[in-house]
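Asks: Got a sequence here, can you model it:
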Amino acid sequence: MEENKKLARVMKMSKVTSVIMKVCEIICIVAVAIMLATGILCLTGAVDMKDAGSNDGKLLLTMQSGGAQLALMSLDESEIPDLSKWHSDITFVQNWIDNGDMAPIIGLFVLTFSLYPVALFVIFFMTRRIFLTILKEQTPFSTAVVKQFRISLIVLSVLLLILSGSGTVGVVEILILWSIYLIFDYGFSLQEIVDDTI
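Replies: Numbering: from 1, shown residues only. Reported below is the predicted structural model:
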């Protein structure tokens, strides 16, 4: 009977975790939508970024579109990039730098940075699929769960390597994940032996 209680806890945690992962996916989708909209507005010139003046040694950047004005950020003067020292081999980016126009530059940055919530979405999605498979199979040790775990692990390994920023950290994270997978796969093999003997 102890095994049934443990299995019930696994099912409950799988359900809770899959719901949490779904909420995280929705947050990522909203973040990507906001970042894409902001990046596109900045990049296309639909908004202007202007220096609204200094206040106590800080520069206030505002975003303007039509008659609306939104305070975007306040920077210490030491944090303000000196565009005269910037150079780009891409002609249109260099034109933005020469004109002192920060909006397209920030737009490119925001669009590029929007790849992170996309990657997080994939991580949450793949993780949720593992837990949904456990719920469907009613056991963590089934062929379908191990297969989903392996697929998710391959995708997660690639993303970790890309996002880690340091090859060494990424490799260590991947080794840890694959070690967990091998332990899980071994547990699956033991479960098959137990099922065969019963």
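Asks: Quick one: mean pLDDT for stretch 90-99?
Replies: Throughout stretch 90-99, pLDDT has a mean value of 74.
Asks: Please apply the same query to stretch 17-28.
Replies: 95.
Asks: Show me which positions of that stretch end up buried.
Replies: By 16 or more other Cβ atoms under 10 Å, the buried positions in stretch 17-28 come out as Thr17, Ser18, Met21, Cys24, Glu25, Cys28. C-beta: built from backbone N, CA, C; applies to glycine.
Asks: Now do stretch 104-113: distance to the chain's middle.
Replies: 16 Å (Cα atoms, centre = their mean, to the nearest Å).
Asks: mind giving me the domain split of the protein?
Replies: By the assignment in automatic domain parsing, the chain contains the domains 2-32+115-197, 39-113.
Asks: Can you name every helix or strand that the helix or strand where Ser14 lies contacts?
Replies: Assessed by DSSP states H and E, Ser14 sits inside helix 2-44. In terms of contacts (3 or more Cβ pairs under 8 Å, 6 or more residues apart in numbering; DSSP states H and E), helix 2-44 is packed against helix 102-113, helix 115-137.
Asks: what's the angle from it to helix 115-137?
Replies: 150 degrees (axes from the mean of the first three to the mean of the last three Cα atoms, to 10 degrees).
Asks: Thr44: what's its closest spatial neighbour, skipping adjacent residues?
Replies: By the measure of Cβ to Cβ, 6 or more residues apart in numbering, the closest residue to Thr44 outside its immediate chain neighbours is Gly107, 7.8 Å from it.
Asks: show me the contacts for the one you found.
Replies: Thr38, Gly39, Ile40, Leu41, Cys42, Leu43, Thr44 (Cβ atoms under 8 Å, 6 or more residues apart in numbering).
Asks: Most neighbours among those, which one?
Replies: Among those, Cys42 has the most neighbours (other Cβ atoms under 10 Å), with 25 neighbours.
Asks: now that residue: how far from Met102?
Replies: Distance of Cys42 to Met102, computed by Cβ to Cβ, to the nearest Å: 9 Å.
Asks: Any buried residues in stretch 89-100, and which?
Replies: By neighbour count on 16+ other Cβ under 10 Å, the buried set for stretch 89-100 is Trp96, Ile97.
Asks: Now tell me what touches that stretch from outside.
Replies: The contact list for stretch 89-100 (Cβ under 8 Å, 6+ apart) reads Leu83, Trp86, His87, Ser88, Pro104, Ile105, Leu108.
Asks: Touching, the last one and Thr44? I think so.
Replies: Right, the one you point to is Leu108. No. Under the criterion of Cβ atoms under 8 Å, Leu108 is not in contact with Thr44, lying 11.6 Å apart.
Asks: The spatially most central residue of the chain: what's it in contact with?
Replies: With distances taken as Cα atoms, centre = their mean, Leu120 lies nearest the centre of the chain, 2.5 Å away. Counting by Cβ under 8 Å, 6+ apart, Leu120 makes contact with Cys24, Cys28.
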